[in-house]
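*Asks:* Need coordinates for the following:
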Amino acid sequence: MACKVFFLIYNVNDNLRDISVFSMISKEITSCVVDYISTIAWRNKNIIRCSHPITTIQQRATLGHYRDLGLLFKRCTLLQPTKERLKFIFSKFSQIPCFLLEQCDVPDCRGFTCYGAFLQTLIAGWDELECHRVFNFLCDLTNLLQKTEGVVMAKPGVCRHQELQLRLFCRHVLLNPWLDQSEGQFWLMLLLKPWPLFNQAKILFILYGPLLPEGVLGWQDVVVSVLPHNSLWELAKAILVLFSKMEVRGWSSDSMLAIFEELIVIPEQWHIENVARLLVLCGSSLCYTILASKALNGRLPEVSRLIVFIILVCQKDGYHISWAVKLVQAIWKAISTPPERFNFILQLENTFSDVTKEFYEQAAAGETERERELFISHFLGLLRPKMIHAG
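*Replies:* Next up, the predicted model:
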């Protein structure tokens, strides 16, 4: 009788949220719900749903539908072991092209976003062990590790479509749905941990590096062009998320420094202004940690040149110049002996002079913008005495 009542109610009131509540009344009702949502007719109606909406209203409705699906599957499988839950749930989604890597050719397909909304609702509140099982299950279902390997082993930019697909899948299914920073960090580390540091840096660039208007990654742009603030902002945010509370995740500052060093030479050494801008976007603490480490390892010429370009970035992007002065003072204090401190300030002064000469030569040849000439005439003259006084 309960099953008949269930089907009668469901056919009259086709509401996923209502039926998800109804499924928790008893084991018998739960069994009825599971049987019903396992039918081909129900799957065709509710899961194989258009993920190519045109209007904003359609997009919101579709996302809401998949969140409701996540809630339904969460509740009706509540009594099953995690492995059986995942096997049942993902069997309903495994053959849908819009939810799989490299299977849907429709431009602007919203399938990954819908899948992410479903998954986030489904596993919200699960502990890390269960979420790790979800990740492993998804990797097996989508061949994620094999596809990632194919991309990271190729030269940057050779597999453009695969790079973009990997970026979209990981961002929209695993990373973007989580508003809590610690949860985002958990999923990002799961994606990176199977790989050596060089590949971790490359994956980080694929996921968050600058994306050109034509939909390809700006591998060469970071090398040959000066990129604006917004092109590097997502990468900086990802670095900050990745290395927040490192000790909780078992990572160290050495890991962070190594990944950063690998990142800024992919595919070749970045334009120094892009490195400086990324450091500024990463904030005071991370910027100081990276530069102080370089200084303490005898890389003063590199540190000095980066500081000059950090000052340039501050001037161009509207940051107060005192930020750079405090950064230099902090690095100076980290250096242990007076002779080394003096050498640092001397190196910085010489670098100011060298960069000033470079800029003047470029300006004379018509290769620089007017704002760089202003930077030379005003900020270098202003900062030299401040930097020397810092020492």
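
*Asks:* Low-confidence stretches in the stretch 51-200 of the chain?
*Replies:* 51, 53-54 (pLDDT under 70).

*Asks:* count of residues packed around Gly298?
*Replies:* 10 (other Cβ atoms under 10 Å). C-beta: built from backbone N, CA, C; applies to glycine.

*Asks:* Then His132?
*Replies:* Neighbours of His132 using other Cβ under 10 Å come to 13.

*Asks:* nearest spatial neighbour of it, skipping sequence neighbours?
*Replies:* Of all residues not flanking His132 in the chain, Leu190 sits nearest, at 7.0 Å (Cβ to Cβ, 6 or more residues apart in numbering).

*Asks:* Correct me if wrong: the one you found contacts Phe135.
*Replies:* Yes. Taking contacts as Cβ atoms under 8 Å, Leu190 lies within contact range of Phe135: 5.0 Å.

*Asks:* List the residues that are in contact with both of the two.
*Replies:* Leu174 (Cβ atoms under 8 Å, 6 or more residues apart in numbering).

*Asks:* How about the backbone phi and psi for Asn136?
*Replies:* Note on Asn136: backbone dihedrals following degrees, to the nearest 10 are phi -60, psi -40.

*Asks:* Near it, how many other residues are there?
*Replies:* Count around Asn136 with other Cβ under 10 Å applied: 14.

*Asks:* State the distance from it to Arg67.
*Replies:* Separation of Asn136 from Arg67 (Cβ to Cβ, to the nearest Å): 24 Å.

*Asks:* before we move on, what about Ile37?
*Replies:* In terms of Cβ to Cβ, Ile37 sits 16 Å off from Arg67.

*Asks:* Pick out whichever of these two has more residues nearby.
*Replies:* Ile37 (22 against 19).

*Asks:* so what's that one up against?
*Replies:* Taking Cβ under 8 Å, 6+ apart, we find Ile37 in contact with 43, 46, 72-73, 76, 92.

*Asks:* Identify the farthest-apart pair in the residues you listed.
*Replies:* Arg43 and Cys76 (14.1 Å; Cβ to Cβ).

*Asks:* what about these two, which has more around it?
*Replies:* Cys76 (25 against 16).

*Asks:* if I look at that one, how far off is Leu263?
*Replies:* 44 Å.

*Asks:* list the buried ones in the biggest helix by length in the chain?
*Replies:* Looking across the chain with DSSP state H, the single longest helix is helix 338-364. Of the residues in helix 338-364, 341, 344-345, 347-348, 351-352, 355-356, 359 count as buried by neighbour count, 16 or more other Cβ atoms under 10 Å.

*Asks:* do stretch 303-320 as well
*Replies:* Buried, per 16+ other Cβ under 10 Å, within stretch 303-320: 303-316.

*Asks:* Excluding sequence neighbours, find me the nearest residue to His161.
*Replies:* Closest to His161 by Cβ to Cβ, 6+ apart is Glu102, at 7.3 Å.

*Asks:* same for the helix or strand hosting Ser293, what does it pack against?
*Replies:* Using DSSP states H and E, Ser293 sits within helix 284-296. In terms of contacts (3 or more Cβ pairs under 8 Å, 6 or more residues apart in numbering; DSSP states H and E), helix 284-296 is packed against helix 253-263, helix 272-281, helix 300-317, helix 322-334.

*Asks:* which of the ones you listed is buried the deepest?
*Replies:* Compared across the helices and strands packed on helix 284-296, helix 272-281 shows the largest average neighbour count, a mean of 23 (mean count of other Cβ atoms under 10 Å).

*Asks:* which regions of the stretch 251-391 of the chain sit below the pLDDT cut-off?
*Replies:* Using pLDDT under 70, the flagged stretches of the stretch 251-391 of the chain are 363-391.

*Asks:* quick one: Ser94 is in a helix?
*Replies:* No. Assessed by DSSP: H, G, I helix; E, B strand; the rest coil, Ser94 does not belong to a helix; its assignment is coil.

*Asks:* Can you tell me the number of residues neighbouring the residue nearest to it when sequence neighbours are not counted?
*Replies:* Excluding its sequence neighbours, the residue lying closest to Ser94 (Cβ to Cβ, 6+ apart) is Leu141, at 5.9 Å. Neighbourhood size, Leu141 [other Cβ under 10 Å]: 15.

*Asks:* For Leu240, see how far away Thr142 is.
*Replies:* Separation of Thr142 from Leu240 (Cβ to Cβ): 28 Å.

*Asks:* So these two - more neighbours on which side?
*Replies:* Counting neighbours by other Cβ under 10 Å for Thr142 and for Leu240 shows that Thr142 has the greater number, 19 against 16.

*Asks:* Can you verify my assumption that that one contacts Pro97?
*Replies:* No. Assessed by Cβ under 8 Å, Thr142 is found out of contact with Pro97, at 11.9 Å.
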